Every structure is written in C-alpha cells, then in structure tokens.
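Peer 1: sequence and predicted structure are below.
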Amino acid sequence: MTAIVEIKAVHKRFDVPGPWPWSPRREVHAVRGVDLVVAPGEVVALVGQSGSGKTTLSRMVLGLESPTSGEIWIEGRRWDNLGEAERQARRVNYQYIPQDAMSALDPQQTVLEAIVETLTVLAGRSPEAARTQAETMLARLGLAHRHAALPRELSGGEQRRVTLARVLALSPRLVVADEPTSGLDPDRRAAVLEDLVGNLPEGAGCILVTHDLDAAVDYCHRAVVMLEGEVIEVVDLRHQEATHPYTKSLLDPWHETRSSP
C-alpha cells in the first residue's frame, strides 16, 4: 500500500541575520534528519513546543518550504523537487488548515460563498454543483443555519469549522492542520477535532500539528514528538505508553514533580 506521505532524512537550515547590521549571520537547524510515514487513513499528531520544528516540517510536506536535504514523497511521487507549476495541478488533493481561522477567511464573504468559491476555483465545480456540495458539507459540520453569516458574526469554533468545510469539501488525500484548535476552550477544541477527524475522506491521511498531546491521544493514531528539530519519540497512541521524559511531560506537566522524592 502506497504511503500518503513519506519523509526521508529531511533537514532544514535557515540563515538568520544577527541583531545588528554588522553582526554575522548564524545558521539555525530547524529540522534535523526527520523520517516519517503517514499511511492511508492514518491521523498522525506532530507534537512539540514552539520552536521544535513541527510547523517547518509541515510546511515542507505541503511544498511551502524546501528541505535543505532529504526527500519528501506524496502518494508514491517525489514532491520536494517539483517546480510549482507541476505541484499546482495536484495541490487540490493536499490541503492546509491554518491556525488563524479569522485571517484565513474573506471578511466580505458569507460562509456559503467561501465554500462555493473554493469548490469552483480549486475543484472546477459548476456554481450549482458547488452550492449543493457546500450546503451538504456545512450541514455535516453543524453550520446549516449559518450560511449567510460573515466571519465576524461567527464564534471562534464556528470560524474553525468554516475552514474545515473549505478543505473537506474538496475531498483531499492529505490534510495538514496547523494548531486548528488554538485559543479555543476544551469543549470547543474537542468538537473541532471530532469534526475534522470524523469527516476526513476515506483513505486520506492527516497530519495534526499541535502542542496538545492530550488532544492527540483522543483523535490520532500516532504521535511524532519533536524537540529542537529532531524526532525524539514516536508513540502508537492506541497501544503504547510514552517513555521519553519530554513526552511524558507533555501528557502530564506534573509528572516530574510527582516522581521526585
């Protein structure tokens, strides 16, 4: 079975300017030798604190950043070395859910208009077919009564579900969700993740970028834990317990305190 995503020994280095014009530039290793496979139908959490490299890695998967070295394959085809013109025809199948839902939505578009535009522009649907499909997806996500609402009239959870609807209506093969529940209270976080995972197309892969390992436990198959650009542990969330102290601290911030004499 062909993997949805296969990452092979990927590194990413950035040259960062110093604090002053005369300061020497320094090299930052954002991602260090990462290997990762996402199987069809699998939801993988990419977990770590800010600066751990998880967002950089997810952007490389989507082709928004290029690796310094290593390879990225999507559905059996090398992806990282393609030109943008070659990628463009396939991007409709590989979709991104942003962290900041409000800034991702056009403030002048209603909920229904946003989904219809996505389907007509990216998927080539006719306006009539796009409207029918948009209405169906919005109903599945509990937004049937919000068709005419503008983004500023929506709650934070509703804004997140609109960004989910735009992506899921395209029936993508891969979804990369970058902290899609950031800033929401626990109940709304759970609802958004349930809507995301529960409405993925059959056989699609999903990478959930998050610092919240507790959420990953409930909705993901595996957690790939990153620290300082490296993968320090991969946990099968259905069958394994975390063993690395850092992973344990993400699951239980008081673990070390309680373990100390």
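Peer 2: Received the coordinates, thanks.
Peer 1: residue 53: what's it in contact with?
Peer 2: Counting by Cβ atoms under 8 Å, 6 or more residues apart in numbering, residue 53 touches 12, 30-32, 34, 226, 228-230. From N, CA and C alone the C-beta is placed, and that goes for glycine too.
Peer 1: once you drop chain neighbours, what's closest to it?
Peer 2: Once flanking residues are discounted, residue 53 sits nearest to residue 229: 4.0 Å by Cβ to Cβ, 6 or more residues apart in numbering.
Peer 1: surely the one you found is in contact with residue 29?
Peer 2: Yes: Residue 229 is in contact with residue 29 according to Cβ atoms under 8 Å; the separation is 5.4 Å.
Peer 1: anything in contact with each of those two?
Peer 2: Both residue 229 and residue 29 are contacted by residue 12, under the criterion Cβ under 8 Å, 6+ apart.
Peer 1: more neighbours: the two, which one.
Peer 2: Neighbours per residue, other Cβ atoms under 10 Å: of residue 229 and residue 29, the larger number sits with residue 229, 22 against 15.
Peer 1: and the more buried one, what does it touch?
Peer 2: 12, 29-32, 34, 52-53.
Peer 1: with residue 166 instead?
Peer 2: Residue 166 makes contacts with 114-115, 118, as judged by Cβ under 8 Å, 6+ apart.
Peer 1: also residue 172?
Peer 2: By Cβ under 8 Å, 6+ apart, the neighbours of residue 172 are 92-95, 201, 204.
Peer 1: my read: residue 117 touches residue 109, true?
Peer 2: Yes: the criterion here is Cβ under 8 Å, and residue 117 meets it with residue 109 at 7.0 Å.
Peer 1: related to what we said a few turns ago, buried subset of the contacts of residue 172 as a ChimeraX selection?
Peer 2: Entered in ChimeraX, the line below selects the buried ones among these, by 16 or more other Cβ atoms under 10 Å:
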select :92,93,94,95,204
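Peer 1: out of the contacts of residue 172, who's nearest residue 153?
Peer 2: residue 95 (24.9 Å; Cβ to Cβ).
Peer 1: and the helix or strand that contains that closest one, what does it pack against?
Peer 2: Counting by DSSP states H and E, the element that carries residue 95 is strand 94-97. Helices and strands touching strand 94-97, by 3 or more Cβ pairs under 8 Å, 6 or more residues apart in numbering; DSSP states H and E, are helix 156-168, strand 174-178.
Peer 1: any chance of those in TSV, plus distance to residue 195 and mean pLDDT?
Peer 2: As requested, the helices and strands packed on strand 94-97 are arranged in TSV below (distance: least, Cβ to Cβ, whole Å; pLDDT from 0 to 100):
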stretch	distance to residue 195	mean pLDDT
helix 156-168	6	94
strand 174-178	11	96
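Peer 1: residue 234 is in what secondary structure piece?
Peer 2: Using DSSP H and E, residue 234 sits in strand 230-236.
Peer 1: avg pLDDT for the helix or strand following that strand?
Peer 2: Going down the chain from strand 230-236, the next helix or strand is helix 245-251, by DSSP H and E. The predicted model gives helix 245-251 an average pLDDT of 86.
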